[in-house]
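Colleague: how does the following fold in three dimensions:
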Amino acid sequence: MSTDEHAERFTLLRPLLFTIVYEILGSVTESDDVLQNSYLRWAEVDLATVRDTKSYLAQLVTRQALNAVRTSTRRREDYIGSWLPEPLLLDENDASTDVLLAESVSMAMLVLLETLTPDWRFEPADAATTARITERFMTAASTGDLEGLLSLLAPDVTWTADSGGKTTAARRPVVGAEKVAAVLMNLFRQERLAGLRIERVNCNNTPAMVLSGERLEGVFLIEIADGKITNFYAIRNPDKLLAVAVPRQISR
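Modeller: Next up is the predicted model:
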C-alpha cells in the first residue's frame, strides 16, 4: 500500500478524528499536534493488517490524546486565572443538523467535563431562541441600554474570562446579573470600541463575538438556556486566539 493511500484514508476521516481529540483536549492547536503525530504513526502501518480504518484511527488518536492530557493537566495547574477551552470556529451551519455533535463541542459541555460533575447536563436553546436573544443582546449592549441588558441575563449569570495572565481580564468568574452587566457596559463603551470591529461568528456551536482591531482582542461566547443568557466565556489569551483563524469541520 502506498503512502498516498495512507494520506487519503486519514484525510477522509480527519473531521471525525479532530472532533474526537478536541472533545478530549479542548484545544484546537493541541488537537492539530496530536493529529500530526498520529498521522506519522499511521504512515508506518501496514494497511493490509487494518480491517476497519475508522475504528483503527479513532483508537489511535484517542490514545495519543489521552497521553497529551497528562502533559496539559500539569500545565493547567500553573495556569493564571480561569482556564477555558480554545474557541472552535465553525462554519455557520456545520454542526446544526446533528444536535448531539453540536452539544459535544459546546463550550458549556467542555467546561462541564473539566469540572468532572456529570450529574448536571446542559440543555442548549433552540436556534430561533438563540438568534432572537443574541440579536437583542447586541442591540442592548451596543446602545448602552442597561435595563434591556438586565432583562436578558439570568439572575446567576456568570462571566468567565481566560487571559492566562497575558492580558487584562478578571482572574475569577464574575457572578450575578448586575455585576456581569457592569462588565458588559464597560466592554461596550463607545470610546473603548473606537477602532475595533465586532464580528458575529459561530464558535463551539454557540453565538460568539470576535473583537479585533490591529490585532485580535478577544472571542466572547454566549450561552443561553431557558430564555436567558446564563454564561459568557471571554477568551483573551492571545495564544488561544490563534485557533479562530480558520473555520473547522467536525463530524461523527
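
Colleague: in the stretch 1-150 of the chain, which spans are strands?
Modeller: 89-90 (DSSP state E, counting those that start in this stretch).

Colleague: and the pLDDT at residue 29?
Modeller: In this model, residue 29 is scored at 92, pLDDT.

Colleague: now it: how far from residue 100?
Modeller: Per C-beta to C-beta, to the nearest Å, residue 29 is found 25 Å from residue 100. The way it works is simple: take the backbone N, C-alpha and C, and place the C-beta from them, glycine included.

Colleague: tell me the gap between stretch 125-132 and the middle of its chain.
Modeller: 18 Å (C-alpha atoms, centre = their mean, to the nearest Å).

Colleague: low-confidence stretches in this structure?
Modeller: The model of the chain has pLDDT under 70 over residues 1-2, 92-99, 113-120, 122-124.

Colleague: quick check: beta-bridge partners of the spatially closest residue to residue 177 that is not a sequence neighbour?
Modeller: Spatial nearest neighbour of residue 177, excluding adjacent residues (C-beta to C-beta, 6 or more residues apart in numbering): residue 153 at 4.2 Å. Residue 153 has these beta-bridge partners by DSSP bridges: residue 229.

Colleague: residue 153 contacts residue 231, correct?
Modeller: No. Between residue 153 and residue 231 there is no contact under C-beta atoms under 8 Å: 10.2 Å.

Colleague: the helices in the stretch 101-250 of the chain, which residues?
Modeller: 107-115, 127-143, 146-152, 177-187, 190-193, 238-241 (DSSP state H, counting those that start in this stretch).

Colleague: mind checking which of those helices is nearest residue 158?
Modeller: helix 177-187 (7.2 Å; C-beta to C-beta).

Colleague: pull the residues that contact the closest one.
Modeller: 141, 144, 146, 149-150, 153-159, 170, 174, 192, 220, 232 (C-beta atoms under 8 Å, 6 or more residues apart in numbering).

Colleague: just the buried ones from those?
Modeller: 141, 149-150, 153-154, 157-159, 170, 174, 220, 232 (16 or more other C-beta atoms under 10 Å).

Colleague: and the two most separated of those?
Modeller: Maximum pairwise distance in the buried ones among the contacts of helix 177-187, criterion C-beta to C-beta, is 19.2 Å, between 150 and 170.

Colleague: centre of the chain to the longest helix seen in the chain, how far?
Modeller: Ranked by number of residues, the top helix in the chain under DSSP state H is helix 53-77. Put simply, helix 53-77 sits 18 Å off its chain's centre (C-alpha atoms, centre = their mean).

Colleague: buried residues, it. List them.
Modeller: 53, 56-58, 60-62, 64-65, 68, 72.

Colleague: would you list these in CSV and tack on distance to residue 181?
Modeller: Shown next, in CSV, are the buried residues of helix 53-77 (distance: C-beta to C-beta, whole Å):
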residue, distance to residue 181
53, 51
56, 51
57, 47
58, 44
60, 47
61, 42
62, 42
64, 43
65, 39
68, 38
72, 34
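
Colleague: quick check, nearest of the residues you listed to residue 17?
Modeller: The closest of the buried residues of helix 53-77, once distances to residue 17 are taken by C-beta to C-beta, is residue 61, at 4.8 Å.

Colleague: please tell me I have it right and the closest one contacts residue 37.
Modeller: No. Residue 61 lies out of contact with residue 37 (C-beta under 8 Å); the separation is 9.2 Å.

Colleague: need the residues touching each of the two.
Modeller: What both residue 61 and residue 37 touch, as defined by C-beta under 8 Å, 6+ apart, is an empty set.

Colleague: what residue lies at the spatial centre of the chain?
Modeller: Nearest residue to the geometric centre of the chain (C-alpha atoms, centre = their mean): residue 87, 3.1 Å.

Colleague: contacting residues for it?
Modeller: 28, 107, 203-204, 208, 219, 221, 235, 240-241, 243-244.

Colleague: do that again at 10 Å, thanks
Modeller: Residues near residue 87 by C-beta atoms under 10 Å, 6 or more residues apart in numbering: 28, 107, 162, 201, 203-204, 206, 208, 210, 218-221, 233, 235, 240-241, 243-244.
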